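J.: 3D model of this:
(one chain, ligands or ions: 1)
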Amino acid sequence: MGETDKDDLISIIEEDDPEAAIPTILPMMPLRDVVVFTDMLLPLFVGREKSVNAIEESIAKDRYLFVATQFDPGIEKPKTDQIYRIGTVSRILRMLKLPDGRVKALVQGIAKAKIVKYVRKRSVFRVKIEIIEEPDLSEIDLETEALMRNVREYSEKILTLRGEFTNEVGSILESIDDPGRLADLVASNLRLKIEEAQEIIEIIDPFQRLKKVNDLLFREVELSSMQAKIQSEVKDEISKSQKDYFLREQVRAIHKELGELDERTQEIEEYKAKIKRAKMSREAKEEADKQLRRLEQMHPDSAESSVVRTYLDWMVELPWSKSTTDVIDIKKAKSVLDQDHYGLNKIKDRILEYLSVRKLNPKTKGPILCFVGPPGVGKTSLGRAIANAMKRKFVRISLGGIRDEAEIRGHRRTYIGALPGRIIQGLKQAGSNNPVFMMDEIDKLGADFRGDPSSALLEALDPEQNAEFSDHYLNLCFDLSKVMFILTANISDTIPSALLDRMEVINLSGYTESEKKIIATTHLIPRQIKENGIKSRQIRFSEQAVVQVINEYTSEAGLRNLERELGSLCRKVARRIAEGEKGPFQITRRSLEKYLGPPRYYPEMDKEHSQVGLSTGLAWTQVGGEVLYVEASLINGKGEMILTGQLGEVMQESARAALSYARANVNLFRVKDRLFDSRDIHIHVPAGAIPKDGPSAGIAMATALISALTGRPVSKDVAMTGEITLRGRVLPIGGLKEKALGALRAGIRTVIIPQKNKKDLADIPVNVKRKLKFVPVQNMDEVLAIALEDLPSKNGPKKKPKPKIKTGARKKPMVNRRP
Ligand SMILES: Nc1ncnc2c1ncn2[C@@H]1O[C@H](COP(=O)(O)OP(=O)(O)OP(=O)(O)O)[C@@H](O)[C@H]1O
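T.: The predicted structure follows:
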C-alpha cells in the first residue's frame, strides 16, 4: 500500500535478500510526521543534512537504515531526546539525488527495533539498535480470529465511506492472516495522529496491538459515518425543495401502485380529460398537451406552473367546437323583434332580410351590421333580440377608449398577468363559437404607439381571414367565422374607414314624443314595474304624467333617461309599499314633482320673442339632434371678426364665408360698407364649453350676422340647417332626421333645409312632419325671407309676411338650451 505502485514493489522484492542479517549499528534518520510500520513502503523526500548523510551512509553499506519519528514535527534539528526510541529498521529500495541536493528515497519497513544508544550524533545519527521480536501467534484462537474479522470489516467500511475501497484492497485485507501484520497494515493506512501511531508501534504483543487498532477503527467508523450523515444533512437542507419533490414523486408512485390518485396526478388527469372534452383544433391540442407535459415536470408551487395552469384553464374553457344550433324562423323572429321593440320598421325589415339570407344560405359571408344612433335608441336591445330570435348566445364588449392593440388581440404570455384579448374573452363568456357578438362604441376606438386596434379588429371581422384569427396570448388561431358580429356607434363619421367599408350601416335616429309615450307605456313602464317587484295593479301612470316626464325630466333622442326616471318613480312607490302603505298609487302630473323633484327642463322661458342677432341652428351630435343658437353682435372696433364658443376650423371658415357673403351684399341689406371699418363682429355659439364643428351652421351664422347688421330680429320659431357658399348658395347637410327630432323637442315650428335634402324628408316620421314645417331653400335670400321678420329689400324695407304654420302643439324652447 502507500504511494508506490505495484510494479516497483515486485522488483524490490526480487532484489531483497531475506536472509541478510541486520547490523546492530545503523545510520538513523528522524522522521517528522510519519511512523513507519513493518512491511510498509514509503517514499521519502529528504532534505535535512543529517538525514541525507544517513541515507548516503546506508547506501554505501548494505542499505539498512533505522527510522524513528520525532516528537514534534516542527523541530528542524531534533535532539536525541526528542525522538521516539522505538522505530523501524528499513531498507532503501531506490534512491535518487535531486539537483538541489535533496534526496528522494523509497524505503520499506523490515523489522521493529529499539534504540539502545546513540553512537554518533553530529554529522549523522548513528544508533545501536536491538530488534524487537514479537511473540509467535501461529495458532490463532477464536478471539483473535473474531478480532481480525472485525478489523477487516471496519477497514472496509471506512474505506467505503471514504470512497477508497476497491476489490483489490479487499483481497489484500483478506489475504493477511497474521494479526500483527494486519494491525500494522491497517494502522499505517488509518491516517492516525503521530502519538497514536507511535502508541501502536510500541505495543509488542500482536493481539494487543490488533485490539488497539480495532478500537481506533471503531472510533474512526463512528466519526466517518457521523461525518457522512452531517454531509448528507447539509445537502438535504440545501435541496429541501428537491427532496420534497422527490418525496412527492415517491408518494405519487406509491399511490399509483395502490391504484389511488394523489392531488397532483388528479390535477393532471383532470386537465387531460378537459383537453379531450374541449375538442380543440389539432394545433391547439398539440399546444395544450405540450403545456400539460411542462406542468407535469414543474414544481407545483412555482410561479411558472401557475402561469401554465392559467393558460390551460383558458384553453379548455374556450368553445373550440361548441356551437348552438341556429333556429331561423322568420315569422318567429319578426314576432320577437316586434315584441321587444316598438316602431323601427325599416330596421326590423332589414334585420329580417339579413336573417332570411342566412337561413337560405347558412354559409353566407354577408355584410357586418352596424347600428348607428344616439344612446338609448335600442341598438343593444336589437342585438339581443336578434340573438334571441336565432337562439344564439349574446355577448357584448365595449371598444370605447381602446388604444392598445393588445386589448383586442391579447398580451403575449411572457408578460406578467397576461390575458387573451377581448374577443377571446367574449367567446369564453358566450360559451359557444357562434354567438351574436356585439361590439359597442366602434366610433370611439383610438390608436397610438401601442398599435392600431382597428387593424386587429379588421382581422377579426373580415370574413375572408377571421377563420384564422390569432390571439397573442393563446399563440394560436381561433376560428371566428361562425360568429355574427354586430357593431354599434353613435356617429358614423369617426368609424375608421377601413372598418366602415366592410359594414352595412343601419341608422337609428331617435324617437319623437309620441313614440316615446307609446314605448314608455308598452315596454318601459311594464318592465320597470316588474323589476322593482311591484304588482301592476298597485301603480297607475296617467298619460299626462308620462308626457311630462318625457318633456320636462328628460331631453334626449333615445330612451335611457326616460327609462331611468320611470324606474325611479317605480322605486319610490316600491318603498312606500314596503313600508306598509296600500296602493294603488297614482302617478299624475301633480304627484310627479313629489317623486322626482322639480322639472329639469322648463318650457317657454327664454325665447319668448324674436331677437336681433340670435338665430337657431341645428346640430347633429352623438346624443342625437340638438338646437344650436348663434349669437352675433357688432361692437366698436376695426372691422375684425371674433369667434368664440370653441368652434372648430370648419365652423370658423363657415363663419368667415357668412361674413364675406354679408359684405358682398351690403347693398342688398342697406348696410353701409363703412360700418365694417369701425365695428368688430363677434359671433358666439353658446354652450361654450362644448366643442362644435361642421359646416351645417353656415346659414344660421349668416342669418344672425345679417340680423345684427340690419337690426331685424330673427323669428323665434324658425330653425335652420345648411352650408353656405360665398355666393349665398345653400348646400346639403347630413342627419336631417335627428336634427328634425331635436328641433321638435326644442319647440321649433319651421325648419329651413337645403333643397338637396328634400329627398331625406321621406325618412321623417309622419307625425313629425305634421308638427314641423320644412322649407327647402336654394340660397340665402330665401333663408332670410323666412327667418328675418323684417327683410330689407333693394326697393326699400318691406314687411315680411309671417310664415304660415299649419298645425302642431306649440312647444317652447327650454331655458337651459337657450342662451
Ligand atoms: N323601439 C323600442 N321599443 C321598446 N324599447 C326600446 C326601444 N328602443 C329602445 N328601447 C329600450 O330602451 C332602453 C335603451 O336601449 P339600448 O340600451 O338598447 O340603447 P343603445 O342604443 O344600445 O344605447 P347605448 O348606445 O348607450 O348603448 C332599453 O331598455 C331598450 O329596451
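J.: pLDDT of the longest strand seen in the chain, averaged?
T.: Ranked by number of residues, the top strand in the chain under DSSP state E is strand 103-120. Taken as a whole, strand 103-120 has an average pLDDT of 90.
J.: pairing partners for it, with directions?
T.: strand 41-46 (antiparallel), strand 86-97 (antiparallel), strand 125-131 (antiparallel) (DSSP bridges).
J.: now do the buried residues in the helix or strand following the first one.
T.: To tie it back to what came earlier, the one meant is strand 41-46. Under the assignment DSSP states H and E, the closest C-terminal helix or strand after strand 41-46 is helix 49-60. The neighbour-count check on helix 49-60 (16 or more other Cβ atoms under 10 Å) flags K50, S51, V52, N53, A54, I55, E56, E57, S58 as buried. In short, each C-beta sits where N, CA and C put it, glycine included.
J.: JSON lines for those residues, including pLDDT and distance to the ligand?
T.: JSON lines is the format used below for these (pLDDT from 0 to 100; distance: Cβ to the nearest ligand atom, whole Å):
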{"residue": "K50", "pLDDT": "89", "distance to the ligand": "110"}
{"residue": "S51", "pLDDT": "91", "distance to the ligand": "106"}
{"residue": "V52", "pLDDT": "90", "distance to the ligand": "108"}
{"residue": "N53", "pLDDT": "91", "distance to the ligand": "112"}
{"residue": "A54", "pLDDT": "92", "distance to the ligand": "111"}
{"residue": "I55", "pLDDT": "91", "distance to the ligand": "109"}
{"residue": "E56", "pLDDT": "90", "distance to the ligand": "113"}
{"residue": "E57", "pLDDT": "90", "distance to the ligand": "116"}
{"residue": "S58", "pLDDT": "91", "distance to the ligand": "113"}
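J.: rewinding a little: buried sites along the longest strand of the chain?
T.: 103, 105-115, 119.
J.: same question, stretch 32-45
T.: Counting neighbours by 16+ other Cβ under 10 Å, stretch 32-45 gives V35, V36, F37, T38, D39, M40, L41, L42, L44 as buried.
J.: nearest to the ligand within this protein, name that residue for me.
T.: Residue nearest to the ligand within the chain: G378 (2.6 Å; Cβ to the nearest ligand atom).
J.: how's the protein carved up into domains?
T.: 6-131, 142-236, 244-317, 330-507, 513-596, 611-817 (automatic domain parsing).
J.: quick one: name the residues of the stretch 1-150 of the chain near the ligand.
T.: Within the stretch 1-150 of the chain, no position lies close to the ligand (Cβ under 6 Å from any ligand atom).
J.: correction: the stretch 501-650 of the chain
T.: I519, H523, G558, L559, R560, E563.
J.: from what I see, the second one and Q339 are in contact.
T.: To tie it back to what came earlier, the one meant is H523. No: taking contacts as Cβ atoms under 8 Å, H523 lies outside contact range of Q339: 9.2 Å.
J.: quick one: low-confidence ranges for the chain?
T.: 1-20, 137-138, 235-241, 259-262, 366, 446-451, 602-608, 622-623, 687-692, 790-819 (pLDDT under 70).
J.: just checking, what's the longest helix in it?
T.: helix 206-238 (DSSP state H).
J.: tell me which residues touch the residue nearest the centre of the chain, please.
T.: Taking Cα atoms, centre = their mean, the centroid of the chain lies closest to A418, which sits 1.9 Å from it. By Cβ atoms under 8 Å, 6 or more residues apart in numbering, the contact set of A418 is G410, H411, R412, Y473.
J.: change it to 10 Å
T.: By Cβ atoms under 10 Å, 6 or more residues apart in numbering, the residues touching A418 are V307, T310, Y311, A406, G410, H411, R412, H472, Y473.
J.: list the residues that contact the second one.
T.: Listed by Cβ under 10 Å, 6+ apart, the contact partners of T310 are R413, G417, A418, L419, Y473.
J.: just confirm the first one is within a helix.
T.: No: the assignment for R413 by DSSP: H, G, I helix; E, B strand; the rest coil gives coil, which leaves it out of any helix.
J.: can I assume it is in contact with L312?
T.: No: the pair R413 and L312 does not pass the contact test of Cβ atoms under 10 Å, sitting 11.7 Å apart.
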